[in-house]
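Student: below is the sequence, then the predicted model.
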Amino acid sequence: LHRVDRRQRQMCIRDRDKSPRLAYSSKASTAATVTPSHDTANAVYTYDGMTTLKWRPANAAPTLQFDGTFANTDYAALAGGNWASAGCTITVKDSGGNTLGTASGMSDNQPVFFVFTKTTYTTIKFEFSCTNTLLEVGEIYFGESLAFPRNVSVGYKPGRWDSNDLITTGMTEGNQFAASTVRARGTTERFKISLVATSFIESTYKAFIQNAKGVPVFFLWNKESSTQAVFGVWDAQPPTFESSLLSSINLTINGVA
């Protein structure tokens, strides 16, 4: 029995290396000041909860800075950006100019999710370096993420590897191929986290279920892989017990990856 317990503890320690993250609560709207370098009037669109309205700075090197007191902050995430069209590199910095995360080479609308050291920050600054002036950004989140106690289980379905697009291929009466139409339908990401302590379910996960109803979320299967995130609406299956003391989590996220 002790050997089994020790093995389970070792598995938990190894699993924390990747520490999947989920973010549903953002401190962007609590900032004392928001300072955009360009398009001042529309900077509010980056924290309105929708990607339909955009911040469009019309500059190749714009910045967007949030100042305030941001306690227990350990992540920053972005969605609804035309990164490829703008040729954009994203860098996130703190008040001392230290880089908290950087990413490039993303496709349009690809979510980005940076995880960094949890502490109280007074500045979260987003710097964009683009090859043209076409940049637009839909949503910016930052704050405290939910860190899962285990890695995703076998059977994880990454949304970035597939799509729900509807494709209709045109055919002529002579069986010749004509133009096809593609109706974008986003992606579906499904994951399970097994052998989760009931104490985590009763506290952290229960708080998420109660407080994030109808709220779009970011999910990252590996905290080191900032460009492998998904952003969308979530649906949860009821947790089930896998032993007398351990449960499991099953989530589906429909959105973009």
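Tutor: Perfect, I can see it now.

Student: for the stretch 1-150 of the chain, what spans make up the strands?
Tutor: Remark: strands assigned in the stretch 1-150 of the chain by DSSP state E, counting those that start in this stretch are 21-23, 33-36, 63-79, 89-93, 99-103, 112-129, 139-143, 146-147.

Student: now do the first one: distance to the chain's middle.
Tutor: What that stands for is strand 21-23. The chain centroid and the centroid of strand 21-23 are separated by 7 Å, computed with Cα atoms, centre = their mean, to the nearest Å.

Student: try the longest one
Tutor: Shown here is strand 112-129, whose average C-alpha point lies 13 Å from the average C-alpha point of the whole chain (Cα atoms, centre = their mean).

Student: for it, name the packing helices and strands.
Tutor: On a contact count with 3 or more Cβ pairs under 8 Å, 6 or more residues apart in numbering; DSSP states H and E, strand 112-129 meets strand 21-23, strand 63-79, strand 89-93, strand 99-103, strand 217-220. The way it works is simple: take the backbone N, C-alpha and C, and place the C-beta from them, glycine included.

Student: one step back: do you know which of the strands of the stretch 1-150 of the chain lies nearest residue 184?
Tutor: strand 63-79 (15.1 Å; Cβ to Cβ).

Student: thinking again about what came up before, hey, which of the helices and strands packed on strand 112-129 is tucked in deepest?
Tutor: Highest mean neighbour count of the helices and strands packed on strand 112-129: strand 217-220, a mean of 26 (counted as mean count of other Cβ atoms under 10 Å).

Student: between the strands of the stretch 1-150 of the chain, which one is nearest to residue 179?
Tutor: Closest to residue 179 of the strands of the stretch 1-150 of the chain is strand 63-79 (Cβ to Cβ; 30.5 Å).

Student: partners of the closest one in the sheet?
Tutor: When sheet partners are counted by DSSP bridges, strand 63-79 sits next to strand 33-36 (antiparallel), strand 112-129 (antiparallel), strand 139-143 (antiparallel).

Student: rewinding a little: out of the helices and strands packed on strand 112-129, flag the one nearest residue 122.
Tutor: strand 63-79 (6.4 Å).

Student: and the closest one with strand 99-103, angle?
Tutor: 60 degrees (axes from the mean of the first three to the mean of the last three Cα atoms, to 10 degrees).

Student: could you give me the average pLDDT of strand 63-79?
Tutor: Averaging pLDDT along strand 63-79 gives 98.

Student: CA atoms of that strand as PDB?
Tutor: The C-alpha trace of strand 63-79 is given here as PDB (Å, rounded to 0.1, in the frame of the first residue of the first chain):
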ATOM      1  CA  THR A  63       1.600  49.100 -27.300                       C
ATOM      2  CA  LEU A  64      -1.200  48.600 -24.800                       C
ATOM      3  CA  GLN A  65      -0.400  49.100 -21.100                       C
ATOM      4  CA  PHE A  66      -2.500  48.300 -18.100                       C
ATOM      5  CA  ASP A  67      -1.600  49.800 -14.700                       C
ATOM      6  CA  GLY A  68      -3.000  49.100 -11.300                       C
ATOM      7  CA  THR A  69      -2.600  46.500  -8.500                       C
ATOM      8  CA  PHE A  70      -2.900  43.000 -10.000                       C
ATOM      9  CA  ALA A  71      -2.500  40.600  -7.200                       C
ATOM     10  CA  ASN A  72      -1.800  36.800  -7.700                       C
ATOM     11  CA  THR A  73      -1.400  37.400 -11.500                       C
ATOM     12  CA  ASP A  74       0.300  34.500 -13.400                       C
ATOM     13  CA  TYR A  75      -1.000  34.700 -16.900                       C
ATOM     14  CA  ALA A  76      -1.800  36.900 -19.900                       C
ATOM     15  CA  ALA A  77      -3.800  35.700 -22.900                       C
ATOM     16  CA  LEU A  78      -5.000  37.100 -26.200                       C
ATOM     17  CA  ALA A  79      -7.600  36.100 -28.800                       C
END
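
Student: which one, of the strands paired with strand 63-79, ends up nearest to residue 224?
Tutor: So among the strands paired with strand 63-79, strand 112-129 is nearest, using Cβ to Cβ, at 7.8 Å.
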